[in-house]
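Enquirer: sequence first, then the predicted structure:
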Amino acid sequence: MKITLDLNALVADGVLSDDLAQTLQQRALPRAGGGVLINLLLVFGAMAVAGGVLAFEPSATTGLILAATALMAGLGIYQTAGLQWRLLAQGLGIMGALGLAGWIGSEFYDQEAAIWPPLAITSIFAGVAWAFRSAFLAALATISLGAVIGSGTGYWHASYYLMVREPFITIALFGAIAAGAYHLRGALGEGWSNLSTVVARSAMFMVNFGFWVGSLWGDYVGEHWVAGMDWEAASVWRDAAAHLPEAVFSLGWAGVLAAIIWKSPRGSFLSISSIIFLAIHGYTQFFEILGAEPLTLLLGGVTAVGLAVYFSRRALQQNPGSAA
């Protein structure tokens, strides 16, 4: 926890002695100010140098060397330099982690069914996040773990897509991660508690994505690992595989979100994010089941307005002095 105190005023009021005030002054953190600007300039300068070197020698080996150099330099600065260089160290660490992940992705992109490339990327992100206490990399480590079980994203011209090949396993795995991270954060120190919270929240996004995809197509559990089979073998496997229909995910998702909204403190991350995903769920199922027909759109609009009026009146009854 960081607070600001006027030491002179506290000494004048007799709250602190002169010796204690001097001790606190010596332990004060350095002011950010120009230090932040200098760190940012150095980070952007390092990025520009790396980009220039890659432009002169565009190869995966060059990228690997630059990434490893940035990571080692960041670790050295983080461990030996003062707090005023912490931003520079973290910036170099992130550059190095992203560079190493990019090298693995570029060199082994054709090994679609292999587990080790995404697992290696996850391990790099997790290790560097731990070393630098980086919340950004902690989130990337959590999300990149989904690639181990076939999750991912993609883009082509004016189109984006989300891919979850194992909805049930995604829900189970990331649900356990979220529960464990939320449980641990109360027992950890301030720096680690923040990382644990980021991991838990990122895992909850993956849980919701698993429910979302499962509510549309169901799930043949384990299908990601039979991707290398030919069509006939895959068909035989499907006939014998455990299948979870769309309704299981659709009803389960609504139930889980309702329970989280009911149990979570109002205004918390879990409460707000669950309300958002519940709206996404309702919107998705509305068009999936009823379709974009004139009558269904009319009924849907009337229902939405009715619910808005109901909840508005309920809020006024609970808080008579507040405006709608």
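Expert: Good, I have the coordinates.
Enquirer: geometric centre of the chain: which residue is closest?
Expert: Geometric centre of the chain, nearest residue: Ser202, 3.3 Å, by Cα atoms, centre = their mean.
Enquirer: OK, contacts around that residue?
Expert: Each residue near Ser202 by Cβ atoms under 8 Å, 6 or more residues apart in numbering is listed here: Ala138, Ala139, Thr142, Ile143. Where C-beta positions appear, they are placed from N, C-alpha and C, glycine not excepted.
Enquirer: and the gap between it and Val15?
Expert: 43 Å (Cβ to Cβ, to the nearest Å).
Enquirer: burial check on Ala240, number of neighbours?
Expert: 7 (other Cβ atoms under 10 Å).
Enquirer: re earlier: and the pLDDT at the residue nearest to the centre of the chain?
Expert: We have a pLDDT of 94 for Ser202.
Enquirer: ok so it is a helix residue?
Expert: Yes. Checked against DSSP: H, G, I helix; E, B strand; the rest coil, Ser202 lies within a helix.
Enquirer: find the nearest non-adjacent residue to it, please.
Expert: Of all residues not flanking Ser202 in the chain, Thr142 sits nearest, at 3.9 Å (Cβ to Cβ, 6 or more residues apart in numbering).
Enquirer: quick one, strands of the chain?
Expert: Using DSSP state E, the strands of the chain run over 152-156, 159-163, 219-220, 243-244.
Enquirer: now the ones you listed in JSON lines, with distance to Leu42?
Expert: Formatted as JSON lines, the strands of the chain follow (distance: least, Cβ to Cβ, whole Å):
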{"stretch": "strand 152-156", "distance to Leu42": "32"}
{"stretch": "strand 159-163", "distance to Leu42": "34"}
{"stretch": "strand 219-220", "distance to Leu42": "48"}
{"stretch": "strand 243-244", "distance to Leu42": "52"}
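Enquirer: could you say which of these is packed most deeply?
Expert: Most buried of the strands of the chain by mean neighbour count (mean count of other Cβ atoms under 10 Å) is strand 219-220; its value is a mean of 22.
Enquirer: just checking: what are the partner strands of that one?
Expert: For strand 219-220, the pairing partners within the sheet under DSSP bridges are strand 243-244 (antiparallel).
Enquirer: who's in contact with the strand it pairs with?
Expert: Contacts of strand 243-244 (Cβ under 8 Å, 6+ apart): Pro167, Phe168, Gly214, Gly218, Asp219, Tyr220, Val221.
Enquirer: from what I can see the fourth one touches Glu246, true?
Expert: Yes. Shown here, Gly218 and Glu246 form a contact pair, counting by Cβ atoms under 8 Å, at 4.7 Å.
Enquirer: the residue nearest to Ser202 touches Leu195, doesn't it?
Expert: No. At 10.2 Å, Thr142 does not count as touching Leu195 under the criterion of Cβ under 8 Å.
Enquirer: the more surrounded of those two?
Expert: Between Thr142 and Leu195, counted using other Cβ under 10 Å, the more crowded position is Thr142 (26 against 23).
Enquirer: distance-wise, check the more buried one relative to Val43.
Expert: 24 Å.
Enquirer: and Ile272, by the same measure?
Expert: For Ile272 relative to Val43 (Cβ to Cβ), the value is 32 Å.
Enquirer: more neighbours, those two?
Expert: Shown here are Ile272 and Val43; by other Cβ under 10 Å, Val43 has more neighbours (20 against 13).
Enquirer: neighbours around the residue nearest to that one when sequence neighbours are not counted, how many?
Expert: The spatially closest residue to Val43, leaving aside those adjacent along the chain, is Gly91, at 3.6 Å (Cβ to Cβ, 6+ apart). Using other Cβ under 10 Å, Gly91 has 22 other residues around it.
Enquirer: the chain: helices as residue ranges?
Expert: 7-12, 18-26, 34-56, 60-80, 86-107, 116-132, 135-144, 167-185, 190-217, 231-240, 246-263, 269-285, 294-318 (DSSP state H).
Enquirer: tabulate those helices (JSON lines), appending distance to Thr153.
Expert: Below are the helices of the chain laid out as JSON lines (distance: least, Cβ to Cβ, whole Å):
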{"stretch": "helix 7-12", "distance to Thr153": "51"}
{"stretch": "helix 18-26", "distance to Thr153": "49"}
{"stretch": "helix 34-56", "distance to Thr153": "24"}
{"stretch": "helix 60-80", "distance to Thr153": "22"}
{"stretch": "helix 86-107", "distance to Thr153": "13"}
{"stretch": "helix 116-132", "distance to Thr153": "13"}
{"stretch": "helix 135-144", "distance to Thr153": "9"}
{"stretch": "helix 167-185", "distance to Thr153": "14"}
{"stretch": "helix 190-217", "distance to Thr153": "10"}
{"stretch": "helix 231-240", "distance to Thr153": "24"}
{"stretch": "helix 246-263", "distance to Thr153": "20"}
{"stretch": "helix 269-285", "distance to Thr153": "16"}
{"stretch": "helix 294-318", "distance to Thr153": "29"}
